[in-house]
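1. When you get a sec, could you give me coordinates for this:
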Amino acid sequence: MRIKRVAISLCTAMCLPPKPPVVKAAPRTLKRGVPLVKKRIGTMEVTEVCAGTMTWGSFVEKEASAHKELDTFVKAGVNFLDTAELYPVSFNYGKMTETWIGNWLTARIAAGTIKREDFYIATKCNPAGVGLDGEPHDFSAEKLEAS
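-> All right, here's what the predicted structure looks like:
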């Protein structure tokens, strides 16, 4: 029995990866009143901060919550948003996130709280077609504009 225990202990010690060291990071603080830096990309002037939307429609379950996040981004000065046709990820795949962004943008433009020409959306097109009609992409203008 003793030999078996030693063998198991040795195997456990040699087979399992070591625990990562614990690193104490300095606390991060948000500096209020500090303007966001903007970068010029061609004719666009976008904030260095690009707000992500990957979990809207899965972990962020309610459209109203996503709209509140978007309002917070805009209030902070962010004018650059990242999305993709297959968002949300993890489950519930398919253009729900982009639909929520479109609903929010339509409402804010109608209310006059945002100008479309001052707000930039970066999207990605999935070559497998996940999130659209399930067919592989041909990368046509129609498919890309639908994203």
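2. Next, count neighbours for Trp104.
-> Residues lying near Trp104 (other CB atoms under 10 Å) number 21. Where you see a C-beta, it was placed from the backbone N, CA and C, and this is true even at glycine.
3. which is the next helix or strand following the helix or strand hosting it?
-> Element membership for Trp104 (DSSP states H and E) is helix 96-111. As assigned by DSSP H and E, the chain's next helix or strand after helix 96-111 is strand 120-122.
4. picking up where we left off before, packing partners of the helix holding Trp104?
-> helix 63-76 (3 or more CB pairs under 8 Å, 6 or more residues apart in numbering; DSSP states H and E).
5. swap the cut-off to 10 Å and go again
-> If you count contacts as 3 or more CB pairs under 10 Å, 6 or more residues apart in numbering; DSSP states H and E, helix 96-111 packs onto helix 63-76, strand 80-82, strand 120-122.
6. closest one to Glu98 among the ones you listed?
-> Each of these has some distance to Glu98 by CB to CB; the shortest is strand 120-122, at 8.5 Å.
7. Show me what that closest one is in contact with.
-> Strand 120-122 has contacts (CB atoms under 10 Å, 6 or more residues apart in numbering) with 41, 44-47, 50, 53, 78-84, 98, 101-102, 105.
8. Quick check: Arg116 vs Thr55, distance?
-> Plainly put, Arg116 is 25 Å away from Thr55 if you go by CB to CB, to the nearest Å.
9. More neighbours: those two, which one.
-> Taking neighbours as other CB under 10 Å, Arg116 and Thr55 compare with Thr55 leading, 16 against 11.
10. Where in the protein is the helix or strand with the lowest mean pLDDT?
-> Least confident element among the helices and strands of the chain, by mean pLDDT, DSSP states H and E: helix 2-15 (a mean of 52).
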